[in-house]
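Engineer: Got a predicted structure here, sequence first:
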Amino acid sequence: MCRAVAGLTRRRCLGVSHSPHVGYRFATLLSAGAVLGTFMATKLVNDPRTRVLGGIALTSLAYLLFSCHDAVIKLIVVSFPVWQILFFRSLTILAGCLIFGGGTLLRETLSSRVIRPMFLRSFLILSAWLAYYTAAKDLQLAELTTIYFAAPVIVTVLAIAMLGEKVSLVQWVAVLTGFVGVFIACDPANLGLSLPVLLVLFAAFAWGLSIVLLRKIALREKTTVQMMLNNAFFLVTAGIPMAFVWQTPDLPGALMLAGAGVIGGGAQFCLFEGMKRAPASVIAPFEYTSLVWAFLLGYLIWGDVPRDKVFVGAALIFAAGVLIIVTQHLRPAPQTAD
(Lines give C-alpha, C1' and ligand atoms only; values in the text may rest on other atoms or scores of the structure.)
Protein backbone atom coordinates (compact mmCIF):
# COMPACT_ATOMS: atom_id res chain seq x y z
CA MET A 1 0.00 0.00 0.00
CA CYS A 2 1.33 3.35 -0.97
CA ARG A 3 2.66 5.35 1.95
CA ALA A 4 3.97 8.47 0.24
CA VAL A 5 5.15 11.24 2.53
CA ALA A 6 4.71 14.55 0.75
CA GLY A 7 2.65 16.07 3.55
CA LEU A 8 5.27 15.33 6.18
CA THR A 9 8.15 17.27 4.68
CA ARG A 10 9.29 20.87 4.48
CA ARG A 11 8.49 21.11 0.79
CA ARG A 12 6.06 19.24 -1.39
CA CYS A 13 6.97 16.57 -3.92
CA LEU A 14 7.98 18.05 -7.25
CA GLY A 15 7.07 14.93 -9.23
CA VAL A 16 9.12 13.51 -12.05
CA SER A 17 7.11 14.47 -15.11
CA HIS A 18 9.90 16.90 -15.99
CA SER A 19 12.48 14.09 -16.08
CA PRO A 20 11.03 10.69 -17.05
CA HIS A 21 14.49 9.23 -17.61
CA VAL A 22 15.23 9.67 -13.89
CA GLY A 23 12.18 7.58 -13.00
CA TYR A 24 13.10 4.96 -15.61
CA ARG A 25 16.65 4.58 -14.29
CA PHE A 26 15.40 4.52 -10.73
CA ALA A 27 12.87 1.76 -11.46
CA THR A 28 15.49 -0.28 -13.33
CA LEU A 29 17.98 0.01 -10.48
CA LEU A 30 15.39 -0.96 -7.87
CA SER A 31 14.23 -3.94 -9.94
CA ALA A 32 17.77 -5.31 -10.19
CA GLY A 33 18.31 -4.65 -6.48
CA ALA A 34 15.07 -6.44 -5.59
CA VAL A 35 16.12 -9.60 -7.44
CA LEU A 36 19.64 -9.57 -5.98
CA GLY A 37 18.51 -8.69 -2.46
CA THR A 38 15.84 -11.37 -2.39
CA PHE A 39 18.27 -14.03 -3.62
CA MET A 40 20.97 -13.10 -1.09
CA ALA A 41 18.51 -12.87 1.79
CA THR A 42 17.09 -16.34 1.24
CA LYS A 43 20.62 -17.77 1.12
CA LEU A 44 21.77 -16.05 4.31
CA VAL A 45 18.84 -16.75 6.65
CA ASN A 46 18.40 -20.51 6.34
CA ASP A 47 20.49 -21.36 9.40
CA PRO A 48 18.03 -23.07 11.82
CA ARG A 49 19.92 -21.60 14.79
CA THR A 50 18.90 -18.10 13.72
CA ARG A 51 15.53 -18.93 12.20
CA VAL A 52 13.55 -16.16 13.93
CA LEU A 53 16.24 -13.56 13.28
CA GLY A 54 16.20 -14.70 9.67
CA GLY A 55 12.45 -14.11 9.59
CA ILE A 56 13.00 -10.60 10.96
CA ALA A 57 15.65 -9.95 8.30
CA LEU A 58 13.39 -11.16 5.49
CA THR A 59 10.35 -9.18 6.61
CA SER A 60 12.47 -6.06 7.12
CA LEU A 61 13.76 -6.47 3.55
CA ALA A 62 10.17 -6.99 2.43
CA TYR A 63 9.06 -3.67 3.91
CA LEU A 64 12.06 -1.93 2.33
CA LEU A 65 11.07 -3.39 -1.04
CA PHE A 66 7.42 -2.45 -0.48
CA SER A 67 8.55 1.14 0.16
CA CYS A 68 10.59 1.08 -3.06
CA HIS A 69 7.55 -0.39 -4.81
CA ASP A 70 5.42 2.46 -3.49
CA ALA A 71 7.95 4.96 -4.80
CA VAL A 72 7.81 3.42 -8.27
CA ILE A 73 4.00 3.46 -8.13
CA LYS A 74 4.16 7.14 -7.21
CA LEU A 75 6.31 7.72 -10.29
CA ILE A 76 3.91 6.03 -12.70
CA VAL A 77 0.48 6.67 -11.18
CA VAL A 78 0.46 10.10 -12.86
CA SER A 79 0.44 8.33 -16.23
CA PHE A 80 -1.51 5.11 -15.67
CA PRO A 81 -4.72 4.17 -13.79
CA VAL A 82 -4.33 2.23 -10.54
CA TRP A 83 -6.20 -0.78 -12.01
CA GLN A 84 -3.78 -0.98 -14.92
CA ILE A 85 -0.77 -0.76 -12.59
CA LEU A 86 -2.19 -3.53 -10.41
CA PHE A 87 -2.88 -5.68 -13.49
CA PHE A 88 0.64 -5.35 -14.92
CA ARG A 89 2.19 -5.81 -11.49
CA SER A 90 0.31 -9.07 -10.95
CA LEU A 91 0.99 -10.24 -14.51
CA THR A 92 4.74 -9.67 -14.06
CA ILE A 93 4.82 -11.59 -10.78
CA LEU A 94 2.86 -14.49 -12.24
CA ALA A 95 5.17 -14.63 -15.25
CA GLY A 96 8.22 -14.66 -12.99
CA CYS A 97 6.81 -17.48 -10.89
CA LEU A 98 6.01 -19.57 -13.96
CA ILE A 99 9.46 -18.96 -15.47
CA PHE A 100 11.10 -20.41 -12.35
CA GLY A 101 8.43 -22.97 -11.46
CA GLY A 102 7.08 -24.04 -14.83
CA GLY A 103 4.29 -26.57 -15.23
CA THR A 104 5.05 -28.18 -11.89
CA LEU A 105 4.26 -24.95 -10.06
CA LEU A 106 1.06 -24.50 -12.05
CA ARG A 107 -0.13 -28.01 -11.12
CA GLU A 108 0.77 -27.44 -7.46
CA THR A 109 -1.16 -24.18 -7.50
CA LEU A 110 -4.30 -25.70 -9.01
CA SER A 111 -4.26 -28.52 -6.43
CA SER A 112 -3.26 -26.36 -3.47
CA ARG A 113 -4.98 -26.80 -0.11
CA VAL A 114 -4.95 -23.05 0.61
CA ILE A 115 -6.86 -21.69 -2.39
CA ARG A 116 -9.83 -20.52 -0.32
CA PRO A 117 -7.89 -18.89 2.56
CA MET A 118 -5.47 -17.30 0.08
CA PHE A 119 -8.29 -15.78 -1.93
CA LEU A 120 -9.82 -14.55 1.35
CA ARG A 121 -6.51 -12.89 2.23
CA SER A 122 -6.29 -11.35 -1.26
CA PHE A 123 -9.81 -10.00 -0.87
CA LEU A 124 -8.84 -8.42 2.47
CA ILE A 125 -5.81 -6.74 0.90
CA LEU A 126 -7.86 -5.40 -2.01
CA SER A 127 -10.49 -4.11 0.43
CA ALA A 128 -7.78 -2.38 2.45
CA TRP A 129 -6.40 -0.68 -0.66
CA LEU A 130 -9.81 0.57 -1.79
CA ALA A 131 -10.71 1.89 1.69
CA TYR A 132 -7.32 3.56 2.08
CA TYR A 133 -7.39 5.36 -1.25
CA THR A 134 -11.02 6.43 -0.79
CA ALA A 135 -10.16 8.01 2.56
CA ALA A 136 -7.09 9.68 1.04
CA LYS A 137 -9.40 12.13 -0.73
CA ASP A 138 -10.51 13.69 2.56
CA LEU A 139 -7.66 13.20 5.05
CA GLN A 140 -4.19 14.65 5.24
CA LEU A 141 -1.42 12.20 4.51
CA ALA A 142 -0.11 12.53 8.08
CA GLU A 143 -3.51 11.52 9.41
CA LEU A 144 -3.76 8.60 6.98
CA THR A 145 -0.33 7.29 7.92
CA THR A 146 -0.88 7.53 11.66
CA ILE A 147 -4.21 5.73 11.61
CA TYR A 148 -3.04 3.09 9.17
CA PHE A 149 -0.01 2.21 11.27
CA ALA A 150 -2.33 0.92 13.94
CA ALA A 151 -2.01 -2.28 11.87
CA PRO A 152 1.00 -3.71 13.78
CA VAL A 153 -0.91 -3.33 17.05
CA ILE A 154 -3.88 -5.08 15.44
CA VAL A 155 -1.56 -7.86 14.21
CA THR A 156 -0.25 -8.40 17.74
CA VAL A 157 -3.77 -8.62 19.20
CA LEU A 158 -5.03 -10.94 16.46
CA ALA A 159 -1.93 -13.13 16.76
CA ILE A 160 -2.94 -13.85 20.34
CA ALA A 161 -6.60 -14.51 19.50
CA MET A 162 -6.19 -16.45 16.23
CA LEU A 163 -2.73 -18.02 16.41
CA GLY A 164 -2.41 -18.56 20.14
CA GLU A 165 0.92 -16.72 20.21
CA LYS A 166 2.31 -15.65 23.56
CA VAL A 167 3.26 -11.99 23.39
CA SER A 168 5.81 -10.84 25.93
CA LEU A 169 5.82 -7.50 27.68
CA VAL A 170 8.87 -6.52 25.64
CA GLN A 171 6.99 -7.16 22.39
CA TRP A 172 4.08 -5.01 23.56
CA VAL A 173 6.50 -2.24 24.52
CA ALA A 174 8.16 -2.48 21.08
CA VAL A 175 4.85 -2.34 19.20
CA LEU A 176 3.55 0.63 21.19
CA THR A 177 6.92 2.42 21.01
CA GLY A 178 6.87 2.08 17.23
CA PHE A 179 3.34 3.44 17.06
CA VAL A 180 4.29 6.42 19.24
CA GLY A 181 7.20 7.02 16.88
CA VAL A 182 4.87 7.09 13.88
CA PHE A 183 2.48 9.39 15.75
CA ILE A 184 5.26 11.88 16.54
CA ALA A 185 6.67 11.74 13.01
CA CYS A 186 3.28 12.39 11.43
CA ASP A 187 2.17 15.04 13.95
CA PRO A 188 -1.50 14.57 13.07
CA ALA A 189 -4.24 17.12 13.55
CA ASN A 190 -7.16 16.47 15.88
CA LEU A 191 -9.13 13.61 14.37
CA GLY A 192 -12.85 13.06 14.62
CA LEU A 193 -14.62 9.74 14.11
CA SER A 194 -15.63 10.62 10.56
CA LEU A 195 -16.27 8.24 7.65
CA PRO A 196 -12.73 8.68 6.21
CA VAL A 197 -11.23 7.87 9.62
CA LEU A 198 -13.39 4.76 9.87
CA LEU A 199 -12.30 3.73 6.37
CA VAL A 200 -8.61 3.93 7.31
CA LEU A 201 -9.26 2.01 10.53
CA PHE A 202 -10.97 -0.65 8.43
CA ALA A 203 -7.96 -0.69 6.08
CA ALA A 204 -5.62 -1.17 9.05
CA PHE A 205 -7.79 -3.98 10.42
CA ALA A 206 -8.06 -5.69 7.02
CA TRP A 207 -4.29 -5.51 6.49
CA GLY A 208 -3.61 -6.77 10.02
CA LEU A 209 -6.01 -9.67 9.55
CA SER A 210 -4.39 -10.51 6.21
CA ILE A 211 -0.97 -10.69 7.89
CA VAL A 212 -2.26 -13.09 10.54
CA LEU A 213 -3.91 -15.23 7.86
CA LEU A 214 -0.62 -15.23 5.97
CA ARG A 215 1.15 -16.60 9.03
CA LYS A 216 -1.32 -19.50 9.11
CA ILE A 217 -1.13 -20.10 5.37
CA ALA A 218 2.64 -19.71 5.10
CA LEU A 219 3.27 -22.77 7.24
CA ARG A 220 1.03 -24.93 5.01
CA GLU A 221 2.11 -24.08 1.47
CA LYS A 222 5.11 -23.13 -0.67
CA THR A 223 5.81 -19.44 -1.06
CA THR A 224 5.63 -19.52 -4.87
CA VAL A 225 2.21 -21.22 -4.75
CA GLN A 226 0.95 -18.48 -2.43
CA MET A 227 2.28 -15.83 -4.79
CA MET A 228 0.55 -17.51 -7.74
CA LEU A 229 -2.81 -17.57 -5.96
CA ASN A 230 -2.48 -14.05 -4.58
CA ASN A 231 -1.62 -12.45 -7.92
CA ALA A 232 -4.09 -14.54 -9.93
CA PHE A 233 -6.83 -13.01 -7.78
CA PHE A 234 -5.50 -9.49 -8.38
CA LEU A 235 -5.06 -10.14 -12.11
CA VAL A 236 -8.70 -11.15 -12.58
CA THR A 237 -10.04 -8.46 -10.24
CA ALA A 238 -8.05 -5.66 -11.86
CA GLY A 239 -8.52 -6.89 -15.42
CA ILE A 240 -12.22 -6.04 -15.63
CA PRO A 241 -12.09 -2.34 -14.61
CA MET A 242 -8.77 -1.92 -16.45
CA ALA A 243 -10.55 -2.52 -19.75
CA PHE A 244 -12.47 0.74 -19.25
CA VAL A 245 -9.48 2.91 -18.24
CA TRP A 246 -6.69 1.47 -20.41
CA GLN A 247 -3.77 3.76 -21.30
CA THR A 248 -1.36 2.37 -23.91
CA PRO A 249 2.18 2.58 -22.47
CA ASP A 250 5.31 3.47 -24.42
CA LEU A 251 8.47 1.38 -23.91
CA PRO A 252 9.76 3.23 -20.81
CA GLY A 253 6.26 3.15 -19.32
CA ALA A 254 5.90 -0.58 -19.96
CA LEU A 255 9.29 -1.24 -18.37
CA MET A 256 8.33 0.77 -15.28
CA LEU A 257 5.05 -1.14 -15.00
CA ALA A 258 7.02 -4.38 -15.18
CA GLY A 259 9.57 -2.98 -12.72
CA ALA A 260 6.80 -2.42 -10.18
CA GLY A 261 5.94 -6.11 -10.56
CA VAL A 262 9.56 -7.25 -10.08
CA ILE A 263 9.97 -5.17 -6.92
CA GLY A 264 6.53 -6.13 -5.62
CA GLY A 265 7.25 -9.79 -6.32
CA GLY A 266 10.51 -9.64 -4.38
CA ALA A 267 8.69 -7.97 -1.50
CA GLN A 268 5.96 -10.62 -1.48
CA PHE A 269 8.49 -13.45 -1.56
CA CYS A 270 10.47 -12.03 1.37
CA LEU A 271 7.30 -11.38 3.38
CA PHE A 272 5.91 -14.88 2.81
CA GLU A 273 9.25 -16.52 3.62
CA GLY A 274 9.71 -14.33 6.69
CA MET A 275 6.30 -15.34 8.00
CA LYS A 276 7.40 -18.96 7.93
CA ARG A 277 10.32 -18.24 10.22
CA ALA A 278 9.01 -15.80 12.83
CA PRO A 279 5.77 -15.31 14.79
CA ALA A 280 3.51 -12.56 13.50
CA SER A 281 3.69 -10.73 16.83
CA VAL A 282 7.51 -10.64 16.67
CA ILE A 283 7.76 -9.11 13.22
CA ALA A 284 4.80 -6.72 13.60
CA PRO A 285 6.91 -3.74 14.82
CA PHE A 286 9.15 -3.96 11.77
CA GLU A 287 6.34 -2.75 9.53
CA TYR A 288 7.00 0.67 11.06
CA THR A 289 10.33 0.75 9.21
CA SER A 290 8.33 1.42 6.03
CA LEU A 291 7.84 4.98 7.22
CA VAL A 292 11.59 5.52 7.60
CA TRP A 293 12.28 4.15 4.12
CA ALA A 294 9.49 6.30 2.71
CA PHE A 295 11.06 9.46 4.13
CA LEU A 296 14.49 8.46 2.80
CA LEU A 297 13.17 7.69 -0.69
CA GLY A 298 11.16 10.90 -0.68
CA TYR A 299 14.37 12.85 -0.06
CA LEU A 300 16.45 10.96 -2.63
CA ILE A 301 13.88 11.11 -5.43
CA TRP A 302 11.89 14.28 -4.89
CA GLY A 303 14.15 16.27 -2.56
CA ASP A 304 11.68 16.28 0.33
CA VAL A 305 13.37 17.22 3.62
CA PRO A 306 11.73 15.70 6.73
CA ARG A 307 10.88 17.95 9.66
CA ASP A 308 12.65 17.61 13.02
CA LYS A 309 9.83 15.56 14.54
CA VAL A 310 10.30 12.98 11.82
CA PHE A 311 13.79 12.21 13.09
CA VAL A 312 12.50 11.84 16.65
CA GLY A 313 9.83 9.44 15.44
CA ALA A 314 12.33 7.52 13.33
CA ALA A 315 14.58 7.07 16.37
CA LEU A 316 11.69 5.52 18.33
CA ILE A 317 10.83 3.24 15.40
CA PHE A 318 14.46 2.14 15.19
CA ALA A 319 14.55 1.54 18.96
CA ALA A 320 11.45 -0.66 18.75
CA GLY A 321 13.08 -2.86 16.13
CA VAL A 322 16.37 -3.12 18.00
CA LEU A 323 14.49 -4.05 21.17
CA ILE A 324 12.84 -7.00 19.44
CA ILE A 325 16.09 -8.15 17.79
CA VAL A 326 18.13 -7.99 21.01
CA THR A 327 15.44 -9.76 23.01
CA GLN A 328 15.14 -12.49 20.41
CA HIS A 329 18.93 -12.88 20.21
CA LEU A 330 19.22 -13.30 23.98
CA ARG A 331 16.41 -15.86 24.13
CA PRO A 332 17.69 -19.41 24.74
CA ALA A 333 17.79 -21.56 21.63
CA PRO A 334 15.17 -24.35 21.48
CA GLN A 335 16.35 -27.76 22.56
CA THR A 336 16.65 -30.37 19.84
CA ALA A 337 16.48 -34.09 20.27
CA ASP A 338 19.71 -36.02 19.84
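Structural biologist: Right, received. Where do you want to start?

Engineer: Could you double-check that residue 120 sits in contact with residue 213?
Structural biologist: Yes - shown here, residue 120 and residue 213 form a contact pair, counting by CB atoms under 8 Å, at 6.8 Å. Every C-beta, even on glycine, is put in place using the N, C-alpha and C of the backbone.

Engineer: Any buried residues in the helix or strand where residue 207 lies, and which?
Structural biologist: Counting by DSSP states H and E, the element that carries residue 207 is helix 195-218. Judged by neighbour count (16 or more other CB atoms under 10 Å), helix 195-218 contains these buried residues: 196-197, 199-215, 217-218.

Engineer: low-scoring stretches of the stretch 1-150 of the chain, by residue?
Structural biologist: Applying pLDDT under 70 to the stretch 1-150 of the chain flags residues 1-50, 136-137, 139-146.

Engineer: Can you show me the helices along it?
Structural biologist: Secondary structure of the stretch 1-150 of the chain (DSSP state H, counting those that start in this stretch): helices at 20-44, 51-76, 82-110, 115-135, 141-148.

Engineer: The stretch 151-300 of the chain: helices as residue ranges?
Structural biologist: Under DSSP H, counting those that start in this stretch, the stretch 151-300 of the chain gives helices at 151-163, 169-186, 195-218, 223-245, 251-277, 280-283, 289-302.

Engineer: Just the angle for the third one relative to helix 223-245, thanks.
Structural biologist: What separates the directions of helix 195-218 and helix 223-245 is an angle of 140 degrees, with axes from the mean of the first three to the mean of the last three CA atoms, to 10 degrees.

Engineer: can you give me the mean pLDDT across helix 195-218?
Structural biologist: In this model, helix 195-218 has a mean pLDDT of 82.

Engineer: likewise the longest one?
Structural biologist: For helix 251-277, the mean pLDDT works out to 87.

Engineer: Which other helices and strands does that helix contact?
Structural biologist: If you count contacts as 3 or more CB pairs under 8 Å, 6 or more residues apart in numbering; DSSP states H and E, helix 251-277 packs onto helix 20-44, helix 51-76, helix 82-110, helix 195-218, helix 223-245.

Engineer: Any idea how far the second one is from the middle of the chain?
Structural biologist: Put plainly, it is helix 51-76. Computed by CA atoms, centre = their mean, to the nearest Å, the chain-centroid distance of helix 51-76 equals 6 Å.

Engineer: cool, and the fourth one?
Structural biologist: Offset of helix 195-218 from its chain centre (CA atoms, centre = their mean): 12 Å.

Engineer: Now do that helix: which elements does it pack against?
Structural biologist: Using 3+ CB pairs under 8 Å, 6+ apart, helix 195-218 sits against helix 115-135, helix 141-148, helix 151-163, helix 223-245, helix 251-277, helix 280-283.

Engineer: quick one: it to helix 115-135, angle?
Structural biologist: When the same axes, to 10 degrees is applied, the directions of helix 195-218 and helix 115-135 differ by 160 degrees.

Engineer: next one: the third one
Structural biologist: Using the same axes, to 10 degrees, the interaxial angle of helix 82-110 with respect to helix 115-135 works out to 170 degrees.

Engineer: Please apply the same query to the last one.
Structural biologist: Put simply, helix 223-245 runs at 50 degrees to helix 115-135, going by the same axes, to 10 degrees.

Engineer: what's helix 223-245 in contact with?
Structural biologist: The contact list for helix 223-245 (CB atoms under 8 Å, 6 or more residues apart in numbering) reads 81, 83-84, 86-87, 89-91, 93-94, 97, 100-101, 105-106, 108-109, 112, 114-115, 118-119, 121-123, 125-126, 214, 217-218, 265, 268-269, 272-273, 276.

Engineer: Taking those residues, please make a ChimeraX selection of just the buried ones.
Structural biologist: With 16+ other CB under 10 Å as the criterion, this ChimeraX line picks the buried residues out of those:
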select :81,83,84,86,87,89,90,91,93,94,97,101,105,109,112,114,115,118,121,122,125,126,214,217,218,265,268,269,272,273,276
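
Engineer: now the spatially most central residue of the chain: how far from residue 244?
Structural biologist: The structure's the chain has its C-alpha centroid closest to residue 66; by CA atoms, centre = their mean the separation is 4.5 Å. According to CB to CB, to the nearest Å, residue 66 stands 28 Å off from residue 244.

Engineer: how about residue 280, what does it touch?
Structural biologist: Applying CB under 8 Å, 6+ apart, the residues contacting residue 280 are 155-156, 158-159, 163, 165, 211-212, 214-215.

Engineer: between those residues, which is nearest residue 147?
Structural biologist: Of all the contacts of residue 280, residue 155 has the smallest distance to residue 147: 15.1 Å, by CB to CB.

Engineer: Find the nearest non-adjacent residue to the residue nearest to the centre of the chain, please.
Structural biologist: Once flanking residues are discounted, residue 66 sits nearest to residue 267: 4.6 Å by CB to CB, 6 or more residues apart in numbering.

Engineer: Cheers, nothing more for now.
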